[in-house]
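Enquirer: Sequence and predicted model, in that order:
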Amino acid sequence: MIKINQLRGCVFVVLCGALSTIGCAPRGALFKPVAGISDNKEKGVIYFYRPSKFLSKLVPIPVEADNQTFAIRNGNYEPAIVSPGKYAISIESGAWVAHAVLQRLTDITNKKSKLNSSKIIEVLPGSSNYIRLEPLFGGIKADPIAYQEAKEELEECNLND
């Protein structure tokens, strides 16, 4: 009788553990580069990605990128197809949460204060660029990353859905 009760207890613990993680797993396809971008003479791509970490796991990071808006969940990535040019990535504080903003430099020439705290990236025709998003206590961090550094983290990321 004791063994049956122990078995039931073990099954209950394992079942509860499995059910408690169902909503936390990243969804979508594993990282796959945008097809045909390297041959494109009019566009480039910026991959916004968020490595899977425990900190702020349930809170998505909002991103505004060249008239596109999306929220990157833990362990996910999102490609933004953009025109070639120089872009500034900055962090803005919103009413509830900070968010990353990507703007062409020509669009922010009158906003020098925002430009001073921005990181600049240049998108060339057919190029792929990578921005790692990381939650911090009280904000977020957005850093342009070289492919060699981003590759291992991206292989574990899923397409944002």
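Expert: Cool, the structure landed. Numbering: from 1, shown residues only.

Enquirer: CA only for contacts and neighbour counts going forward, please
Expert: Will do.

Enquirer: quick one: contacts of stretch 63-82?
Expert: Applying Cα atoms under 8 Å, 6 or more residues apart in numbering, the external contacts of stretch 63-82 come out as 26-27, 31, 34, 43-53, 57-62, 99-104, 123, 154, 156-160.

Enquirer: Put the buried members of the residues you listed into a ChimeraX selection.
Expert: Provided next is the ChimeraX selection string for whichever of the contacts of stretch 63-82 are buried by 16 or more other Cα atoms under 10 Å:
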select :26,27,31,43,44,45,46,47,48,49,50,51,52,60,61,62,99,100,101,102,103,104,123,154,156,157,158,159,160
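
Enquirer: if you look at the contacts of stretch 63-82, which of them are in strands?
Expert: 44-49, 61-62, 99-104, 123, 158-159 (DSSP state E).

Enquirer: What count of nearby residues applies to the residue nearest to Tyr47 when sequence neighbours are not counted?
Expert: Using Cα to Cα, 6 or more residues apart in numbering and skipping the chain neighbours, the partner closest in space to Tyr47 is Pro79 (4.4 Å). Using other Cα atoms under 10 Å, Pro79 has 20 other residues around it.

Enquirer: Tell me how far Pro79 lies from Ala65.
Expert: 10 Å (Cα to Cα, to the nearest Å).

Enquirer: Then Ala35?
Expert: Where Ala65 is concerned, Ala35 sits at a distance of 20 Å (Cα to Cα).

Enquirer: same check, this time on Leu58
Expert: 22 Å.

Enquirer: Backbone dihedrals for Asn67, both of them.
Expert: phi 70, psi 20 (degrees, to the nearest 10).

Enquirer: Mind pulling up the pLDDT for it?
Expert: Turning to Asn67, the model gives it a pLDDT of 81.

Enquirer: Can you give the strand pairings for the helix or strand containing Ser90, parallel or anti for each?
Expert: Using DSSP states H and E, the element containing Ser90 is strand 85-93. If you go by DSSP bridges, strand 85-93 pairs up with strand 98-104 (antiparallel), strand 119-123 (antiparallel).

Enquirer: Please state the mean pLDDT value computed over the longest one.
Expert: If you average the pLDDT over strand 98-104, you get 78.
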